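A.B. asks: Need coordinates for the following:
(4 chains)
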Protein chains: 2
Amino acid sequence: MTGQVGGAREGGRQRAIPEATVARLALYLQVLIALDDGTAGQEIISSERLAQSAGVNSAKLRKDLSYLGSYGIRGVGYDVRTLTEEISRILGAHRAHRVALVGLGNLGQALAGYSGFAGRGFVISALFDVDPGRVGREVGGRVIRHLDEAGQVCRAAGVSIGVIATPAGAAQQVADILVAAGIRSILNFAPGVLTVPDDVEVRPVDLALELQILAFHESRRDAERLVPRVIAETEPAAGFHPAEPARVAVTT
Amino acid sequence: MTGQVGGAREGGRQRAIPEATVARLALYLQVLIALDDGTAGQEIISSERLAQSAGVNSAKLRKDLSYLGSYGIRGVGYDVRTLTEEISRILGAHRAHRVALVGLGNLGQALAGYSGFAGRGFVISALFDVDPGRVGREVGGRVIRHLDEAGQVCRAAGVSIGVIATPAGAAQQVADILVAAGIRSILNFAPGVLTVPDDVEVRPVDLALELQILAFHESRRDAERLVPRVIAETEPAAGFHPAEPARVAVTT
DNA sequence: AATTGTGAACGTATTCACAGCG
DNA sequence: CGCTGTGAATACGTTCACAATT
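C.D. replies: As a prediction, the model looks like this:
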C-alpha cells in the first residue's frame, strides 16, 4: 500500500493524489453540496470557511485542493460551482455508478432503501441473496435474485461496485463471487477480513469495531477519573453529573 | 488531534497507544475470537499467523502488541487466551457498554436488531425518536422513547455511547442533546460533520462517502485503461470482459 | 531454532509560515 | 490587502532488520 494513488508515471501529467486526501475530497464535495442547497448559493467560499464546515484545518484543505490544480482565486476564495465540478470530476461523481447489494437481512434491506445512495449518483442495480425465502421477493421495487446469477446480472447491468451485507460466515465466498463477476470495488459490512486480489479495493465498515474503538476511549476517560489531577474548572454548568460514581474496571 | 491517546503524563506508568494501533487492536481481538471458536482452540499463535489472519504485516502486529506490554513468548508465539484478555482489558471489552440509539428509520431499526452489537458486549439500552408515529412502538423488545427524555433515561440507564441514525438535518441537534445527556462517545451514521466539545469523540460512518471513495478508484482504473501501457499478462483467465468498452467521462 | 520486541530508517500526512498573486 | 498555493519543518505511522530470549 503506497498511500498514493492515481497517475503520474514518470513523465505523467497529473500529480498523484494521496489516499487521505481522496477521502477528504469526498467530504468537501458533500459539504459543498450541503452548503449550496442549504444557505442559497453563496458564489465564493474561502478555504477558511469551507475548512470550518468540513471540520478540518484550512492549510490541509488548501493542500488537498492543490492536488486538483489551481482552482482558487488568490485574495478571494474558491468559486463554489467550479470547485464542486472539479472535485466531482476527480472523484467520478459526475457519472452514475451501479451497485450490487448482496445480503438482504435487516441491514441489507435498510441499505436498499437508503436515500443517501441514490441521492449521490449511486444506483442500486441488483440485489442478491441465497435464502430461498428471500430470492424472488421485492425490495424497493427491485427483485432479489439468487447469488448464482451474479456473474451474468452484474455484467449485463454494468455493475462496478459490490456491497456485502451478509453474515460474517458468508462474506469471503460472496467476495469471491463478486470478484469473479468482474467487480473491483467492494464495500464490506460483514465483520472480518476479506482476501481479494491486489487490484480489488475493499472498504470495510465494521460497526462493532467502531464501537469497540469508542469503548477504548471511554475506558481511558474512566481510568483518568481515577487519577484525577486538578479537576478544577472543567464543565462549568449543565451536562455533567458528579453524583455518578466512577465505574471501576471489573475483570472478566 | 495528537494521534496519541491514553496515559503517560510525564512520569506515567503506561506508554501511550497510537490511534492507528487502537483501531487494529479491535481488529485483532475480533480475529482472535473468530479463530478461537472457529478452529477449536489453538493455544498458541505466532505473530506471523495472526497478522495474516488480520490482513496486516507481522512487524506491525508485533509493534502494536508491544504497546500492551510483553505478553509474547520469544521463540514460541502468543498465548491466545492471555492475548485475548489483555487486548480486551485495554479496549474495555471486558465490561458491557450501554448504547442509546437515536433515529429508528430503516437504518436505525436494522441497527437495533444487529446481532454484531450484542455479540460483543454492547447493549442497546435505549431507543429514541421524535416521530410520533414511532415513539411508543417497540423494536426488538424495547420501547422507543421520545428524544426529550434522553437526559433522564441515559443517566438512569448508565448509557455511555450514543448512535445517531437520523436524517442529516437532525444530526447536530441530536448530538447536542446526547452531549447534554452526558454522553462522550458518538457513532454517527448521518452524513455531515458534527460539532461537539473537545472531550467528546465522534466516529463518523458515512456510507455515501465510502462509496464515493470506491468510485474514485473505479474512475482511476477506467482512466488507466485509456492510457494502456503494456496490457500484457494481466488477468490470464476468467473474470475480465474485454468487450466492455471503457466508459469515458461525460461532464455533468 | 524460532520468534518476539524494538531501535533505526523510511515513507506518509499534517502543519507552519510566507511568497506570490489577484 | 487578503487569500491561495506551496516549500520546509514537524509529527505520525510503517517497515526493516537484528539482538534478546525462550
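
A.B. asks: near DNA strand D at all, stretch A:50-59?
C.D. replies: Yes - using C-beta under 7 Å from any atom of the strand, stretch A:50-59 reaches DNA strand D at A:Ser58, A:Ala59. Glycine gets a C-beta too; all of them are placed from N, C-alpha and C.

A.B. asks: what mean pLDDT would you report for that stretch?
C.D. replies: Averaged over stretch A:50-59, pLDDT sits at 98.

A.B. asks: Need the contact partners of that stretch.
C.D. replies: A:24, A:27-28, A:31-32, A:34-35, A:47-48, A:60-61, A:78, B:193, B:195 (C-beta atoms under 8 Å, 6 or more residues apart in numbering or on different chains).

A.B. asks: and it, how far out from the chain's middle?
C.D. replies: In terms of C-alpha atoms, centre = their mean, to the nearest Å, the centre of stretch A:50-59 is set 18 Å apart from its chain centre.

A.B. asks: list the buried ones in it?
C.D. replies: Of all the residues in stretch A:50-59, those buried under the rule 16 or more other C-beta atoms under 10 Å in any protein chain shown are A:Leu50, A:Ala51, A:Gln52, A:Ser53, A:Ala54, A:Val56.

A.B. asks: how long is it from one end to the other?
C.D. replies: Using C-alpha to C-alpha, to the nearest Å, the end-to-end distance of stretch A:50-59 comes to 11 Å.

A.B. asks: Count the residues that sit near the closest residue to chain B within the stretch 101-250 of chain A.
C.D. replies: In the stretch 101-250 of chain A, the residue that lies nearest chain B is A:Ser219 (3.2 Å; C-beta to the nearest C-beta). Neighbours of A:Ser219 under the rule other C-beta atoms under 10 Å in any protein chain shown: 22.

A.B. asks: quick one: is stretch A:64-79 near DNA strand D?
C.D. replies: Yes - Stretch A:64-79 reaches DNA strand D (C-beta under 7 Å from any atom of the strand) through A:Leu65, A:Ser66, A:Ser70, A:Tyr71, A:Gly72, A:Ile73, A:Arg74, A:Gly75, A:Val76, A:Gly77, A:Tyr78.

A.B. asks: so, in contact with chain B or not, the helix or strand harbouring A:Thr82?
C.D. replies: Using DSSP states H and E, A:Thr82 falls within helix A:80-91. Yes - using C-beta under 8 Å from any C-beta of the partner chain, helix A:80-91 reaches chain B at A:Glu85, A:Ser88, A:Arg89, A:Ile90, A:Leu91.

A.B. asks: For that helix, output the C-alpha coordinates as PDB.
C.D. replies: Only the C-alpha atoms of helix A:80-91 are listed here, as PDB (Å, rounded to 0.1, in the frame of the first residue of the first chain):
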ATOM      1  CA  VAL A  80     -18.300  27.100  -5.300                       C
ATOM      2  CA  ARG A  81     -19.600  25.900  -8.600                       C
ATOM      3  CA  THR A  82     -16.200  25.400 -10.200                       C
ATOM      4  CA  LEU A  83     -14.800  23.700  -7.100                       C
ATOM      5  CA  THR A  84     -17.800  21.400  -6.900                       C
ATOM      6  CA  GLU A  85     -17.400  20.400 -10.500                       C
ATOM      7  CA  GLU A  86     -13.700  19.800 -10.300                       C
ATOM      8  CA  ILE A  87     -14.000  17.600  -7.200                       C
ATOM      9  CA  SER A  88     -16.900  15.700  -8.800                       C
ATOM     10  CA  ARG A  89     -14.800  15.100 -11.900                       C
ATOM     11  CA  ILE A  90     -11.800  13.800 -10.000                       C
ATOM     12  CA  LEU A  91     -14.000  11.500  -7.800                       C
END
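
A.B. asks: partners of whichever helix or strand comes after it in the sheet?
C.D. replies: Counting by DSSP H and E, the next helix or strand C-terminal to helix A:80-91 is strand A:97-102. The pairing partners recorded for strand A:97-102 under DSSP bridges are strand A:122-129 (parallel), strand A:161-164 (parallel).

A.B. asks: mind checking which helix or strand the residue nearest to A:Ala54 when sequence neighbours are not counted is in?
C.D. replies: Once flanking residues are discounted, A:Ala54 sits nearest to A:Val31: 4.8 Å by C-beta to C-beta, 6 or more residues apart in numbering or on different chains. In the assignment (DSSP H and E), A:Val31 maps to helix A:19-37.

A.B. asks: got the buried residues for that helix?
C.D. replies: A:19, A:21-35.

A.B. asks: where does chain A dip in pLDDT?
C.D. replies: Counting by pLDDT under 70, the ranges of chain A that qualify are A:1-15, A:39-41, A:228-252.

A.B. asks: What residue spans form the domains of it?
C.D. replies: A:4-91, A:97-207 (automatic domain parsing).

A.B. asks: Using JSON lines, please lay out these together with distance to B:Val135.
C.D. replies: Listed next are the domains of chain A as JSON lines, based on distance: least, C-beta to C-beta, whole Å:
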{"stretch": "domain A:4-91", "distance to B:Val135": "28"}
{"stretch": "domain A:97-207", "distance to B:Val135": "20"}
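
A.B. asks: if you compare the ones you listed, which one is most tucked away?
C.D. replies: With neighbours taken as mean count of other C-beta atoms under 10 Å in any protein chain shown, those reach their highest mean count in domain A:97-207, at a mean of 19.

A.B. asks: Establish whether that domain and DNA strand D are in contact.
C.D. replies: No - under the criterion of C-beta under 7 Å from any atom of the strand, DNA strand D is not reached by domain A:97-207; the shortest gap measures 13.5 Å.

A.B. asks: repeat for stretch A:214-227
C.D. replies: No - legend: contact between stretch A:214-227 and DNA strand D by C-beta under 7 Å from any atom of the strand is lacking; minimum distance shown is 14.0 Å.

A.B. asks: Dump that stretch to CSV, restricted to CA.
C.D. replies: Coordinates of the C-alpha atoms in stretch A:214-227 are reproduced here as CSV (Å, rounded to 0.1, in the frame of the first residue of the first chain):
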residue,chain,number,x,y,z
LEU,A,214,-15.2,4.3,21.2
ALA,A,215,-15.3,1.9,24.2
PHE,A,216,-11.5,2.2,24.4
HIS,A,217,-11.7,6.0,24.7
GLU,A,218,-14.5,5.6,27.3
SER,A,219,-12.2,3.3,29.3
ARG,A,220,-9.4,5.8,29.1
ARG,A,221,-11.6,8.5,30.4
ASP,A,222,-12.8,6.4,33.3
ALA,A,223,-9.2,5.5,34.1
GLU,A,224,-8.2,9.1,34.1
ARG,A,225,-11.0,9.9,36.6
LEU,A,226,-9.3,7.5,39.0
VAL,A,227,-6.0,9.5,38.7
